[in-house]
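[1] 3D, please:
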Amino acid sequence: MLRLTSPTITDRQPLPVQVVGPGQGENLSPALEWNSDAPAPAAWALQLTDDDAPDYRHWMVLLPGHVSALEAGLLPDGAVQGQGTRALGYEGPCPPSGTHHYVFTLSALAAMPGLAEGFEGSDFDRAVAEHAVESATLRGTHRPRIEHMVRVELGRVLNGARKRLPAGAVARLVRRG
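    Got it, this is the predicted structure:
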């Protein structure tokens, strides 16, 4: 049985600020540890997804099979990262509003997929579907601070105002403050 743990993430609890995304946290990939009763696989597939935004990919990475832990913010030699929804590599949770539920999924793979840096999510999914022999999850939640939600909403209002007001009017209003 495969087990995925972290020294800083408690399963199903709020995520620490270190792993939370830009504008809300430090945006560092978390320290993770795993072990299995099965022999070491050829590779590991690790991803971070948001249950509340199922099409959003925060992180996809393939790791050599001999790896059994990650240090915060670091990847070992031989790691290959995919293109997430907005970034190549790790993009920490940063929802616009409300509590979101995040899932780190680690899969043991019977073969190392031949994917190059910047691979797409569909290629990652296909590799996991074809080669996964076992998997484990670690879950966490994040709710943005009120200041972030206000900035997001203000941005929406100003963007809407820009579409309805003469050129430069929003900038003049903001400068008057």
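
[2] Check which residues of stretch 2-9 are buried.
    2, 4, 6, 9 (16 or more other CB atoms under 10 Å). From N, CA and C alone the C-beta is placed, and that goes for glycine too.

[3] from what I can see the third one touches Trp34, true?
    What it means is Ser6. No - with contact defined as CB atoms under 8 Å, Ser6 does not reach Trp34; the gap is 9.6 Å.

[4] what residues does stretch 127-140 touch?
    1-6, 9-15, 19, 32, 34, 36, 38, 41-43, 45, 62, 93, 101-111, 113, 115 (CB atoms under 8 Å, 6 or more residues apart in numbering).

[5] Any idea how far it is from the middle of the chain?
    Relative to the chain's own centre, stretch 127-140 is displaced by 15 Å; criterion: CA atoms, centre = their mean, to the nearest Å.

[6] middle-most residue in this protein, spatially?
    His58 (2.7 Å; CA atoms, centre = their mean).

[7] excluding its backbone neighbours, what's nearest that residue?
    Leu48 (4.0 Å; CB to CB, 6 or more residues apart in numbering).

[8] From Ala31, how far off is the one you found?
    14 Å (CB to CB, to the nearest Å).

[9] higher neighbour count, these two?
    Leu48 (24 against 18; other CB atoms under 10 Å).

[10] Run through who's touching the helix or strand hosting the more buried one.
    Assigned by DSSP states H and E, Leu48 belongs to strand 43-50. Outside strand 43-50, the residues that touch it by CB under 8 Å, 6+ apart are 32, 34, 56-65, 67, 90, 93, 95, 100-109, 111-113, 124, 127-128, 131-132.

[11] How about the contacts made by Pro16?
    8-9, 25, 30.

[12] Widest-spaced pair of those residues?
    With distances taken as CB to CB, the most widely separated pair in those is Ile9 and Gly25, at 12.7 Å.

[13] Between the two, which contacts overlap?
    Common neighbours of Ile9 and Gly25 (CB under 8 Å, 6+ apart) are 16, 19.

[14] Was I right to think Pro14 contacts Pro144?
    No - using CB under 8 Å, Pro14 is not in contact with Pro144; the gap is 11.4 Å.

[15] buried ones in stretch 58-69?
    58-65, 67.

[16] Helix, strand, or coil at Arg156?
    helix (DSSP: H, G, I helix; E, B strand; the rest coil).
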